[in-house]
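In: 3D, please:
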Amino acid sequence: MTESPTTKKLPVSTQGKGEFLVPCPHSLGGAGFLDIATGKPHSSGALSYLGKEIRPAELLCRLPSALRHHLTDAQWIGLLSSYLLALQSFKIGNVLKASCPDVSPQQVVLKLLAPRPKPEAPRPRMPK
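Out: Purely as a prediction, here's the structure:
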């Protein structure tokens, strides 16, 4: 049996409460991310440090049942394994976009949009 990939980082939404994100499978459009708690779609996410190792099976357990029924558990594990492997080449703070191409629906393609998210308000400066 092959060892499942692990990571200590996952993208979080840049709008709202900063929920953790998983890739949108091809059967649901294949573009962007889905909020792991609610299934709400997001176009991009900023890579955040988790503080502990996480495996595909742990992510699968956290998905809402409304999302889980779109793929079999084996298909979800394949998709999430590909996702965790793809995350390895990015750094904390990177803003990413995900896609699942139709030629390989269990393969996740991540694209770097920005090295880090832009602040919503300008940072305060020290007086001169």
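
In: who's in contact with the nearest residue to Ile77 once chain neighbours are set aside?
Out: The spatially closest residue to Ile77, leaving aside those adjacent along the chain, is Pro56, at 5.0 Å (CB to CB, 6 or more residues apart in numbering). To be clear about C-beta, it is placed using only N, CA and C from the backbone, and glycine gets the same treatment. Going by CB atoms under 8 Å, 6 or more residues apart in numbering, Pro56 touches Ser4, Pro5, Trp76, Ile77, Leu80, Ser81, Tyr83, Leu84.

In: can you rerun that using 7 Å?
Out: Pro56 makes contact with Ser4, Ile77, Leu80, Ser81, Leu84 under the criterion CB atoms under 7 Å, 6 or more residues apart in numbering.

In: quick one: it and Thr14, what's the gap?
Out: Here Pro56 is placed at a distance of 24 Å from Thr14 (CB to CB, to the nearest Å).

In: same check on Arg116?
Out: Relative to Thr14, and taking CB to CB, Arg116 is found at 11 Å.

In: looking at these two, which is more packed in?
Out: Counting neighbours by other CB atoms under 10 Å for Arg116 and for Thr14 shows that Thr14 has the greater number, 16 against 12.

In: wait, the more buried one touches Ala46, no?
Out: Yes: under the criterion of CB atoms under 7 Å, Thr14 makes contact with Ala46 at 5.3 Å.

In: quick check: longest helix of this structure.
Out: Counting by DSSP state H, the longest helix found in the chain is helix 73-87.
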